[in-house]
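# Give the three-dimensional model of this entry:
(one chain, ligands or ions: 1)
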Amino acid sequence: MAMEKHCDPKLNDDVQGTDDNSNYSSSNAAAASSKNPHHRSKSFSFRAPQENFGIQDFELGKIYGVGSYSKVVRAKKKDTGIVYALKIMDKKFITKENKTAYVKLERIVLDQLDHPGVVRLYFTFQDTFSLYMALESCEGGELFDQITRKGRLSEDEARFYTAEVVDALEYIHNMGLIHRDIKPENLLLSTDGHVKIADFGSVKPMKDSRITILPDASSDDKACTFVGTAAYVPPEVLNSSPATFGLSYVLVILFLSKNCSLTLLQDLDPSRRPGAGPDGYAALKEHPFFKRIEWSNLRAQTPPKLALDKGGQSSKGNDHHDSSRSPNHVRAGSPRQNDGNIDTSSQAESSGRIPRTASIESFDSKCSCNLVLAFSVSFPSAGLGLTVLRFLSNTYLHHLNRKQFLDEGESVLMISMVKKLQKLSSKKVQLILTNKPKLIYVNPAKLVVKDCIIWSDNSTDLSVQVTSPSHFKIVTPKKVLTFEDPKQRAFQWKEELGNYYTISILQQLYLFHETGTGFSVSAVSEFRNVDNPQGYLYRLGMSEVSSARTYGKLPTLEAAFAVNPRRFRRMVAEVKKLGFNPLRRNFLTAHTEKEI
Ligand SMILES: Nc1ncnc2c1ncn2[C@@H]1O[C@H](COP(=O)(O)OP(=O)(O)OP(=O)(O)O)[C@@H](O)[C@H]1O
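Below is the predicted model of the structure:
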């Protein structure tokens, strides 16, 4: 693809509705260059051009993932057939959340990175609502999912992935950048299973960065400014000491025996971690753990085999799931209320949330001594270590305690570390929604279930109020629980809790029907055959809902009913035959409910 194109890089001008001081002109770039000897001196041109494409030029497929300010969707360019991961950002949302600088920075940085271990940016475009970045499609999914699907990595697998991460981080750091949000969700895998680092929205260019940073694209002045995912940042970032080279660190995944202790792992003084110091990478690469790694041709080596997900797919993307009908425009950004339109596109794919929770169950209880651990190495990177450590140890803890808080056949639908807010204090808790439906929160330190809410058919016994993208209240007749989700998933929690079952079953069936795949006997019998029909329907339904939302056309039950009351009634009857009461949640207005 011809990348070298001098262009007017106004990707984000529209975010602020102005192009005065946020115009990325060559002169601005030159001004920036004069301050930094490493900046390019004459003019600035993007390798990945800003194109005049529209979303209708793509066939959209499944949602790869949802971040705090974007959705990433599989998208095939109609004329070339090339598949991209389209990162879609809602302009209004970005402006509202003050993410403009991060978006600009990510665009500029990705544009200049060129390494097989870093996700490639090919081009950008925009329309009235959204900004789009066409990224290299990482069809192997997140490393996170591989770890959870496999239950654990073998030492060789851990070594290989770790080596590829180290290799890519070395490149990133040599370019003078600190990623600051290295976590399992941002370590992606190519189709053949090699690691690619993604999500440069939190990147911090160092003073001697070799990256051209345009003046309006720097997110903050100090490396110690807190960005990243709170659960995963290393202590020095949380403690606000500067995240300079040699101070931040990476923990490398290892499977250790029962003799190993977690205390190995968390030296608060980054300079004491293995690999610290100016020669950190060289020293690390020579560590006995990497003895068998050939650093010079890592990418030519055969990576670990990708584990299939429960549906038997090896990768996150499949052409045959692509929609043949692209919507007029795509809305992305934060989860939003539906707009009542009806979409005829069907995307029966997983939303990316569910597999990782389901896979918690794949941990073998007999291997309780096999802790997934890590050893720490000092790196100019933030977070991988604690990320891995926290994720793995949390997963392990879930595993150990699964029996304690899950009944036979019960599975986890949504889980996240949140803060439970009290009047004067707040506590970190693990909030877990199961398919019972049951909501529990666990004290992660003591591994004690602090509360358990099981709700009944009475739709008034549980409701969720969202007060901001990160804050929500769960209201039950007995109490009101207030939570803060640092990943800003308040709306997701509301959606998952509030629309439990009903929305999914009916919407799923509705979409099946609408798209001609038929909600038919086969769909219904498929539901009957699975072990856990409620959970299955729920997953299918939620993925339908997220796909539909991506297309800006989430069908509400209200809308479905309005379009064809007879068919709707029939659907309700079908669902009832399966033993579910589709109207059990407080979803339809009293009026429609009566009509039905
Ligand atoms: N190139 C890609 N190929 C496949 N999937 C991707 C790609 N880029 C991102 N994803 C998926 O989309 C998710 C969200 O993407 P990304 O992390 O870039 O968004 P974000 O809004 O910046 O998120 P965050 O909240 O982590 O800052 C990722 O966790 C990953 O699962």
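# Strands of the stretch 101-250 of the chain, residue ranges please.
Ranges of strands within the stretch 101-250 of the chain are 121-126, 130-136, 141-142, 177-178, 187-189, 195-197, 204-205, 249-255, based on DSSP state E, counting those that start in this stretch.
# Out of those strands, point me to the one whose mean pLDDT is lowest.
Least confident of the strands of the stretch 101-250 of the chain, judged by mean pLDDT, is strand 249-255 with a mean of 35.
# Show me the one of the strands of the stretch 101-250 of the chain that comes nearest the ligand.
For the ligand, the closest of the strands of the stretch 101-250 of the chain is strand 130-136, at 3.9 Å, according to Cβ to the nearest ligand atom. For every residue, glycine as well, the C-beta is placed using N, CA and C.
# The closest one pairs with which strands, parallel or anti?
Applying DSSP bridges, strand 130-136 is found paired with strand 83-90 (antiparallel), strand 121-126 (antiparallel).
# Would you mind finding the most buried of those?
Burial of the strands paired with strand 130-136 is given as mean neighbour count (mean count of other Cβ atoms under 10 Å); strand 83-90 ranks first at a mean of 25.
# Whether that strand contacts the ligand - can you check?
Yes - part of strand 83-90 sits near the ligand under the criterion Cβ under 6 Å from any ligand atom, namely 85, 87.
# C-terminal to that strand, which secondary structure element comes first?
helix 91-96 (DSSP states H and E).
# Which positions in this protein make contact with the ligand?
64-65, 67-70, 72, 85, 87, 119, 135-138, 142, 185-186, 188, 198-199, 201, 352.
# Quick check: PyMOL command selecting the buried ones in the residues you listed.
Command for PyMOL that selects the buried part of those, burial taken from 16 or more other Cβ atoms under 10 Å:
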select buried, resi 64+65+67+68+69+70+72+85+87+119+135+136+137+138+142+185+186+188+198+199+201+352
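# so residue 298, which of the three states?
Classification of residue 298 by DSSP: H, G, I helix; E, B strand; the rest coil places it in helix.
# how about TSV for the strands paired with strand 130-136, with distance to residue 473 added?
As requested, these are exported to TSV (distance: least, Cβ to Cβ, whole Å):
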stretch	distance to residue 473
strand 83-90	25
strand 121-126	36
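# Could you give the residue of the stretch 451-596 of the chain that lies closest to the ligand?
Closest point on the stretch 451-596 of the chain to the ligand, by Cβ to the nearest ligand atom, is residue 487, at 6.4 Å.
# Go ahead and confirm that residue touches residue 68.
Yes - between residue 487 and residue 68 there is a contact under Cβ atoms under 8 Å: 6.0 Å.
# about what we covered before: so which of the strands of the stretch 101-250 of the chain is nearest residue 299?
Across the strands of the stretch 101-250 of the chain, residue 299 has its closest neighbour in strand 195-197 (9.6 Å, Cβ to Cβ).
# Please report the distance of the residue nearest to residue 138 when sequence neighbours are not counted from residue 296.
Spatial nearest neighbour of residue 138, chain neighbours left out: residue 188 (3.6 Å); criterion: Cβ to Cβ, 6 or more residues apart in numbering. The gap separating residue 188 from residue 296 is 23 Å, by Cβ to Cβ, to the nearest Å.
# these two touch, right, the residue nearest to residue 138 and residue 165?
No - applying Cβ under 8 Å, one finds residue 188 not in contact with residue 165, separated by 11.2 Å.
# if I look at these two, which residues touch both of them?
195, 197 (Cβ atoms under 8 Å, 6 or more residues apart in numbering).
# Residue 49: neighbouring residues, count only.
Close neighbours of residue 49, defined as other Cβ atoms under 10 Å, add up to 21.
# Return the per-residue confidence for it.
The model's pLDDT for residue 49 equals 93.
# Ok, the one 10 residues further on next?
Predicted confidence (pLDDT) at residue 59: the value is 92.
# Which element, helix or strand, includes residue 74?
Element membership for residue 74, per DSSP H and E: strand 71-77.
# List the strands paired with that strand, with their directions.
Sheet partners by DSSP bridges: for strand 71-77, these are strand 58-66 (antiparallel), strand 83-90 (antiparallel).
# pretty sure residue 90 is touching residue 129, no?
Yes - taking contacts as Cβ under 8 Å, residue 90 lies within contact range of residue 129: 6.4 Å.
# Now the terminal residues of stretch 190-210, how far apart.
26 Å (Cα to Cα, to the nearest Å).
# Report the buried residues of that stretch.
190-191, 193-206, 209-210.
# any idea how far residue 485 is from residue 427?
On the measure of Cβ to Cβ, residue 427 and residue 485 end up 14 Å apart.
# residues shared between the contacts of these two?
residue 419.
# more crowded one of those two?
Neighbour totals were compared for residue 427 and residue 485, and residue 485 leads with 20 against 14 (other Cβ under 10 Å).
# mind listing what that one touches?
416, 418, 419, 470, 471, 472, 493.
# Now do it against residue 464, distance only.
Using Cβ to Cβ, residue 485 is found at 12 Å from residue 464.
# Overlap in contacts, the two.
Residues touching both residue 485 and residue 464 by Cβ under 8 Å, 6+ apart: 472, 493.
# If the residue nearest to residue 138 is in a bridge, with which residues?
Residues in beta-bridge contact with residue 188 (DSSP bridges): residue 142, residue 196.
# by contact count, what packs against the host helix or strand of residue 417?
Using DSSP H and E, the element containing residue 417 is strand 412-421. Using 3 or more Cβ pairs under 8 Å, 6 or more residues apart in numbering; DSSP states H and E, the elements in contact with strand 412-421 are helix 354-358, helix 384-405, strand 426-434, strand 480-484, helix 490-498, helix 533-550.
# Which of those comes out lowest on mean pLDDT?
helix 354-358 (a mean of 23).
# Hmm, residue 464 and residue 493 touching each other?
Yes - taking contacts as Cβ under 8 Å, residue 493 lies within contact range of residue 464: 6.3 Å.
# which residues are in contact with both of those two?
residue 472.
# one step back: so how far is residue 146 from the residue nearest to residue 138?
Taken as Cβ to Cβ, the span from residue 188 to residue 146 is 10 Å.
# helices and strands of this protein: which one bottoms out on pLDDT?
Using mean pLDDT, DSSP states H and E, the weakest-scoring helix or strand in the chain turns out to be helix 354-358, at a mean of 23.
# Could I get the contacting residues of residue 211?
Contacts of residue 211 (Cβ under 8 Å, 6+ apart): 38, 108, 109, 112, 113, 175, 176, 177, 205.
# likewise residue 170?
Contacts of residue 170 (Cβ under 8 Å, 6+ apart): residue 281.
# Quickly list what the nearest residue to residue 84 once chain neighbours are set aside is bridged to.
Nearest non-adjacent residue to residue 84, counting by Cβ to Cβ, 6+ apart: residue 134, 4.1 Å away. For residue 134, the beta-bridge assignment (DSSP bridges) gives partners residue 86, residue 123.
# so what secondary structure elements neighbour the strand or helix carrying residue 466?
Element membership of residue 466, judged by DSSP H and E, is strand 463-468. Judged by 3+ Cβ pairs under 8 Å, 6+ apart, the packing partners of strand 463-468 are strand 471-475, helix 490-498.
# Now do the buried residues in it.
Those would be 463, 464, 466, for strand 463-468 by 16+ other Cβ under 10 Å.
# Using PDB, write out every CA atom in that strand.
Taking C-alpha atoms only, strand 463-468 is exported to PDB below (Å, rounded to 0.1, in the frame of the first residue of the first chain):
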ATOM      1  CA  SER A 463     -32.400  -1.600  38.900                       C
ATOM      2  CA  VAL A 464     -29.200   0.100  37.800                       C
ATOM      3  CA  GLN A 465     -28.700   3.900  37.700                       C
ATOM      4  CA  VAL A 466     -25.800   5.300  35.800                       C
ATOM      5  CA  THR A 467     -24.600   8.600  37.200                       C
ATOM      6  CA  SER A 468     -21.500   9.000  35.000                       C
END
